[in-house]
Structure formats: C-alpha cells, structure tokens
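Asker: based on what follows, work out the 3D shape:
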Amino acid sequence: MPRTYTIAIGSDHAGFKYKELIKAMLLADGHSVRDMGTDSEAPCDFPDFIRPVAEAVARGEFERGIVLGGSGNGEAIVANRIRGIRCGVCWSEQVAVWNRSHNDANCLSIGQRTVTADEALRIVRTWLSTEFEGGRHIARIRKIDGV
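Answerer: Just a heads-up that it's a prediction; the model follows:
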C-alpha cells in the first residue's frame with residue numbers, strides 16, 4: 001500500500017476548483033488533509049491562503065503542502081518566502097518527479113489555468129509517490145536552505 005501523508009492544501013479563487021478535486025482524491029487515497037481555504041471562487045488574495053499552508057508545513061504540523069492558483073507562480077513565490085519550504089510549480093508528471101527527486105520539495109504548486117484536471121490529479125499522485133534521491137542533491141538542498 002502506498003505511503004500516506006499529512007497534507008495542508010490551499011488556493012485562491014483561480015485554483016479553487018482543482019483544490020476541491022485534489023482534496024477529494026487525497027482523502028479517498030487515505031491521506032490526512034487540512035484545507036486552509038479559500039472556500040469559493042469569489043475573488044481573493046492568494047497570500048492569505050498560501051502563507052498558512054507553507055507556515056504549517058515549515059512548523060512540522062504537516063508533511064507536505066499543496067498550493068494552487070491560476071498559474072501557480074505567485075503561490076510558489078509566497079510559499080518559498082517561508083524558511084524551510086521548497087516549493088516548485090509543476091505542469092507535468094516529469095516536472096513533479098524532478099521537483100521531489102532532485103529538490104526534496106515539501107510543497108507543490110499547480111496552476112489551474114495551465115493543466116487539465118486529470119493532469120493535475122496525476123501530478124499530485126506522482127509528486128507524492130516520488131522519493132528524494134539524496135546523493136549529490138543533498139549538498140544542493142543544504143545550500144538552498146542556507147545550512
């Protein structure tokens with residue numbers, strides 16, 4: 001049986017639809033999920049929902065974070081402002097593999113306007129099932145984290 005995680009998830013209005021789809025899939029797969037908002041497609045400011053996801057992951061309350069928006073770029077920027085977070089925008093399963101295997105990312109960003117719903121679900125599953133390779137990448141992670 002695949003490993004399950006504790007996951008914090010959040011989006012703005014432009015990522016709300018995929019957040020709800022991803023959350024349902026994660027729960028069906030046995031993961032523990034906390035939704036940090038938003039709760040509708042009404043316009044809102046993404047930092048209000050993304051920062052709490054990243055902060056909760058950085059504090060160790062959750063093992064992984066998933067953030068969503070229109071492109072995923074602003075969401076990744078906000079998440080990466082939090083020390084200890086390594087968040088990348090993933091637009092394909094291959095990018096999700098590299099995000100985890102090379103960068104030991106603990107946060108995933110997806111743009112609802114950039115991939116189909118089915119692709120988003122596959123990206124999340126791939127990202128969660130990919131292990132960090134370690135090896136030569138460890139020194140790079142230390143440099144990213146300023147250690």
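Asker: and stretch 10-26, what's buried?
Answerer: Across stretch 10-26, burial judged by 16 or more other C-beta atoms under 10 Å covers 10-16, 18-19, 21-23, 26. All C-beta atoms are positioned from the backbone trio N, CA, C, and that covers glycine.
Asker: which members of those residues are positioned in strands?
Answerer: Here DSSP state E is the test, and the buried residues of stretch 10-26 give 10, 11 as lying in strands.
Asker: okay if I get the buried residues of stretch 10-26 as TSV plus distance to residue 138 and pLDDT?
Answerer: Converted to TSV, those look like this (distance: C-beta to C-beta, whole Å; pLDDT from 0 to 100):
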residue	distance to residue 138	pLDDT
10	29	98
11	32	98
12	34	98
13	38	98
14	35	98
15	32	98
16	37	98
18	32	98
19	32	98
21	34	98
22	29	98
23	32	98
26	28	98
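Asker: closest one of the buried residues of stretch 10-26 to residue 116?
Answerer: Comparing the buried residues of stretch 10-26 against residue 116 with C-beta to C-beta picks out residue 18 as the nearest, at 9.7 Å.
Asker: which residues does residue 112 contact?
Answerer: Contact partners of residue 112, counting by C-beta atoms under 8 Å, 6 or more residues apart in numbering, are 11, 14, 15, 16, 17, 18, 68, 69, 70, 120.
Asker: let me see the ranges of the helices in the protein.
Answerer: Along the chain, the stretches classed as helices by DSSP state H are 16-28, 47-58, 73-80, 93-101, 117-129, 137-145.
Asker: what stretches of the chain score poorly on pLDDT?
Answerer: Applying pLDDT under 70 to the chain picks out residues 1.
Asker: give me that answer again for 80
Answerer: Along the chain, the parts satisfying pLDDT under 80 run over 1, 147.
Asker: quick check: residue 68 vs residue 14, distance?
Answerer: 8 Å (C-beta to C-beta, to the nearest Å).
Asker: ok, residue 55 next?
Answerer: 21 Å.
Asker: can you count the residues close to the closest residue to residue 5 other than its chain neighbours?
Answerer: Distances taken as C-beta to C-beta, 6 or more residues apart in numbering place residue 63 nearest to residue 5, at 4.6 Å, with adjacent residues excluded. Burial of residue 63 is recorded as 16 neighbouring residues (other C-beta atoms under 10 Å).
Asker: I figured residue 63 hits residue 8, correct?
Answerer: No: between residue 63 and residue 8 there is no contact under C-beta atoms under 8 Å: 9.1 Å.
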